[in-house]
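J.: coords below, sequence missing:
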């Protein structure tokens, strides 16, 4: 009776051969490419800003300054997208690593639905006998990236005194926040390669576009 509910498990080695599907490399490249686009858009918006650069446009800016309004919207949309793709690249890689070492069935049953931090910590513990704390650089990176993504994917409402004042309103630094997400993404992959050197050939990296 007991044997029918239990089975042996063999952890796959780092040099396992096979075929897997994952978009982590593509998402990493998207994040880098869109950040470059964002940096350019920020310059263009500043050049075309019709008033004091330290002041915001309100009310009829969409009608009065349609070109600037459209450019600023594209800038902000690009900033949000960079943050999302950076998070997708990191989580996509962790999911790939779990399937790569554990197999699809075990990963899906025990790891797939975990949050990014417990998923990272448990994967390293089970797959590599490495116990990392919540203050580890990789944990800090994935936490920051996930929080940035979640603030977009799970938006919250906030009551403000007036729609015509920026005082008390939430704001996101552009391009600073997106830039930081890409930096943390890069730092995460660098740290993972140092932590599990045998997996370095599989770490997503930005490819030379020459």
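T.: Received the coordinates, thanks. These numbers come from a predicted model, not from an experiment.
J.: And the residue nearest to residue 125 when sequence neighbours are not counted, how close does it get to residue 37?
T.: What sits nearest to residue 125 in space, not counting adjacent residues and going by C-beta to C-beta, 6 or more residues apart in numbering, is residue 131, at 5.6 Å. (Glycine included, C-beta is placed from N, CA and C.) Taking C-beta to C-beta, to the nearest Å as the criterion, residue 131 is separated from residue 37 by 40 Å.
J.: who has more neighbours, those two?
T.: In this view residue 131 and residue 37 are compared by other C-beta atoms under 10 Å, and residue 37 has more residues nearby, 17 against 9.
J.: for the helix or strand where that one lies, which positions count as buried?
T.: Element membership for residue 37, per DSSP states H and E: helix 24-48. Using 16 or more other C-beta atoms under 10 Å as the burial criterion, the residues of helix 24-48 that qualify are 24-25, 27-32, 34-35, 37-38, 41-42, 45.
J.: ok, now stretch 174-185?
T.: 174-175, 177-182, 184-185.
J.: what's the answer for stretch 75-83, then?
T.: Taking 16+ other C-beta under 10 Å as the criterion, stretch 75-83 shows 75-76, 78-83 as buried.
J.: Pick the one among those residues closest to residue 116.
T.: Distance to residue 116 across the buried residues of stretch 75-83 (C-beta to C-beta) is lowest for residue 83, with 14.3 Å.
J.: The closest one and residue 90: what is the separation?
T.: The separation that residue 83 has from residue 90, given C-beta to C-beta, amounts to 11 Å.
J.: can you list residues touching both of these two?
T.: The contact sets of residue 83 and residue 90 overlap at residue 145 (C-beta atoms under 8 Å, 6 or more residues apart in numbering).
J.: relative orientation of the helix or strand where residue 87 lies and helix 24-48 in degrees?
T.: According to DSSP H and E, residue 87 maps onto helix 66-102. Helix 66-102 runs at 160 degrees relative to helix 24-48, counting by axes from the mean of the first three to the mean of the last three C-alpha atoms, to 10 degrees.
J.: buried sites along the following helix or strand past helix 66-102?
T.: Moving toward the C-terminus from helix 66-102, the next helix or strand (DSSP H and E) is helix 104-110. By neighbour count on 16+ other C-beta under 10 Å, the buried set for helix 104-110 is 106-107.
J.: For the following helix or strand past helix 104-110, enumerate the helices and strands it packs against.
T.: Next helix or strand after helix 104-110 toward the C-terminus (DSSP H and E): helix 116-128. Contact here means 3 or more C-beta pairs under 8 Å, 6 or more residues apart in numbering; DSSP states H and E; on that basis helix 116-128 packs against helix 66-102, helix 137-153.
J.: ok so, going back, now for the buried residues of stretch 174-185: which two are most distant?
T.: Of all pairs in these, the most separated under C-beta to C-beta is 174 and 185 at 17.5 Å.
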